[in-house]
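Engineer: Quick one, fold the following:
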Amino acid sequence: MQGDPPKEQPDPCVLVLFGASGDLVSRKIVPSLLDLYTRGALPDRFGIIGVSRTAMSDDDFRQHLLDAYDDNQGGDGSAPEGWEEFAKRVHYVIGDATRPDVYNALKRKIESVAARFDAVMDEFRGAPTPEAPWRGQPNLLLYLSVAPFLYGPIIERIGAAGLVHTGGGRYGEPVQLQPWQRVIIEKPIGNDLRSAIELNSNVAKVFDERAVYRIDHYLGKELVQNILVMRFANAMFEPIWSNQYVDHVQVSAAESVGVGKRAGGFYDEAGAIRDMLQSHLLQVLAIVAMEPPSEYSPDAIRREKVKVLDAVHPVDPSRDANQVVLGRYGASDDESDDDHGLAYVDLDGVDAARKTETFAAMRLSVDNWRWNGVPFYIRSGKKMARKLTEVVVQFKRPPANLFRQFPPFSEGGWRPGNRIIINIAPDEGVGLRFEAKIPGAALSIGSVKADFDYKHVFKSEPVEAYGPLLVDAMRGDKTLFKHRDEVEGAWRVVDPVVSQEAGRREVRDYPAGSWGPDAADELFQNRRSEDTDRRWHNPIPSDVR
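Structural biologist: Numbering: from 1, shown residues only. Model prediction:
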């Protein structure tokens, strides 16, 4: 039931993929489903229906997915393990999901797929009645892998077609025992605060909030989840996780690739703030900064994340010109990438006058007892020096320098503060840097690092984040999905930048393959002294953490 505690195993269901011919379905969602299927993680009574305007039969759709899988995996054209049996569960409906005429065909396909794979749960079998029109219906997981401007029209059509029996706008009321209908929505949820509120309100007219799964694949990454475990399962970390000991926090998501073919169709109207900071990075920041929840449950965790976002001061470029830095990458000598070495402004479909940023960095403050006075720096960019997603927790230096008569202090030098680096991707792990005596007769201090490598310790490769999230949606577990309050809270933080002219005052060029515009270093302008190590963590190529 919607609103019940999550089940241990996923329920039988039919998964409907809107926008099924698109890149996300073939590149991420279906490979994740195939991996889940081969590992026995999907329910036995389960079917998939793709919906898209592209004219294809069931077999054509299966071949399209197989070809895309082979292209993305660099295969030899042979079918991957488990494909033949998995493909039998894949079906297709042609149609424009914003138009009502597609839904009669979709209903018929849902009925046939549910019957073929026995996807109706035992307690819901039987003929429908006026009191129970949902009887005989399967559980439905509806995934909107479409352009954001289509969310509203498609959800409206889903409601008008009678696919949703649980209704909308009843958050907090008991839900009748009946098949569930859940919807997964990709980011971005709106283009600004106003449109996000409007979209969430329209979704609530059709779906109960407990049935809305706003997916953020970053929250499915192992090391993001591990932040909660590291903080709250270890007594050594939580006591020092505050402004008493922490100097500052950095959250970075750098990509070495450019925008490529997504430039004109999506990215030039989104930019780095909408694409990354508002969604992914503010979610990670909330997990890093949240108070201990009362229990490990979706509602308890969500409440603490919302408190953090409510405590973050909105970015206000008109008052503080050094709170946000925007940039876009220039040309490169590498003509083999998706951009063919072109600068962002020269890509097809890009309007240079729009000043869309491919890099964004912000300095934020969290106005609560735990974090008052601790700056949080977040940044994301394309065509950066290396692919890197990480959290850096930099600690303050000791209040008294016991070793001031020894080098390097006696010579006017300094030693860096302790820090924890949490690598979310690609080299998943945690590094702890601290100071130690260098062997020898004289007292000399150097930095050492204790390193936890996820793959090495657990002998396991982190799985594609979409897989666990899809299973969670089938189980009714919303722990790693976003509530509307989180979405709107994150938009409130960045809305002055994306919706006001002052936020677009200047977009600086930066060289492809660099760490972004030099002006990003100005975010650290509130320096306590010249010898501070409050600066971006830009690891050299040989440095993992």
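Engineer: pLDDT below threshold where in the stretch 101-250 of the chain?
Structural biologist: Where the stretch 101-250 of the chain drops to pLDDT under 70, the residues are 166-176.
Engineer: Just grab the bridge partners of residue 429 for me.
Structural biologist: Taking DSSP bridges as the rule, residue 429 bridges to residue 423, residue 453.
Engineer: Which stretches in the stretch 401-545 of the chain count as strands?
Structural biologist: Taking DSSP state E, counting those that start in this stretch as the criterion, the stretch 401-545 of the chain carries its strands at 419-425, 429-437, 445-453, 507-510.
Engineer: and residue 326, how many residues sit next to it?
Structural biologist: 28 (other CB atoms under 10 Å). (Each C-beta comes from the backbone N, C-alpha and C, glycine too.)
Engineer: Tell me how far it lies from residue 122.
Structural biologist: Using CB to CB, to the nearest Å, residue 326 is found at 56 Å from residue 122.
Engineer: before we move on, what about residue 58?
Structural biologist: Here the distance between residue 58 and residue 122 works out to 28 Å (CB to CB).
Engineer: neighbour-wise, which of those two wins?
Structural biologist: With neighbours defined as other CB under 10 Å, residue 58 and residue 122 compare such that residue 58 has more, 16 against 7.
Engineer: Is the more buried one in contact with residue 89, as I believe?
Structural biologist: No - with contact defined as CB atoms under 8 Å, residue 58 does not count as touching residue 89 (10.6 Å).
Engineer: what kind of secondary structure is residue 267 in?
Structural biologist: On the three-state scheme (DSSP: H, G, I helix; E, B strand; the rest coil), residue 267 is labelled helix.
Engineer: Next: the one 10 residues further on.
Structural biologist: For residue 277, the secondary-structure state derived from three-state DSSP is helix.
Engineer: List the contacts of it.
Structural biologist: By CB atoms under 8 Å, 6 or more residues apart in numbering, the contact set of residue 277 is 360, 362, 378, 380, 494.
Engineer: So which of the residues you listed sit within helices?
Structural biologist: residue 494 (DSSP state H).
Engineer: hmm, which two among the contacts of residue 277 are most spread apart?
Structural biologist: Within the contacts of residue 277, 380 and 494 form the most distant pair, 11.9 Å apart (CB to CB).
Engineer: And the strands in the stretch 1-150 of the chain?
Structural biologist: Per DSSP E, counting those that start in this stretch, the stretch 1-150 of the chain carries strands over the ranges 13-18, 46-52, 90-94, 140-144.
Engineer: For those, give me TSV that also has mean neighbour count and distance to residue 507.
Structural biologist: Output for the strands of the stretch 1-150 of the chain, formatted as TSV (neighbours: other CB atoms under 10 Å; distance: least, CB to CB, whole Å):
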stretch	mean neighbour count	distance to residue 507
strand 13-18	26	34
strand 46-52	26	35
strand 90-94	22	42
strand 140-144	24	31
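Engineer: what's the pLDDT at residue 513?
Structural biologist: As summarised for this prediction, residue 513 has a pLDDT of 93.
Engineer: Neighbours of it, how many?
Structural biologist: A total of 15 residues lie near residue 513 under the criterion other CB under 10 Å.
Engineer: Is it in contact with residue 385, as I believe?
Structural biologist: Yes - in this structure, residue 513 is within contact of residue 385 by CB under 8 Å, at 5.9 Å.
Engineer: which residues are common contacts for the two?
Structural biologist: Between them, residue 513 and residue 385 share these contacting residues under CB under 8 Å, 6+ apart: residue 256.
Engineer: Point out the one among the strands of the stretch 401-545 of the chain that comes closest to residue 113.
Structural biologist: Of all the strands of the stretch 401-545 of the chain, it is strand 419-425 that lies closest to residue 113, at 35.1 Å by CB to CB.
Engineer: okay, the strands of the stretch 1-150 of the chain in JSON lines with distance to residue 481 next?
Structural biologist: Formatted as JSON lines, the strands of the stretch 1-150 of the chain follow (distance: least, CB to CB, whole Å):
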{"stretch": "strand 13-18", "distance to residue 481": "16"}
{"stretch": "strand 46-52", "distance to residue 481": "20"}
{"stretch": "strand 90-94", "distance to residue 481": "25"}
{"stretch": "strand 140-144", "distance to residue 481": "13"}
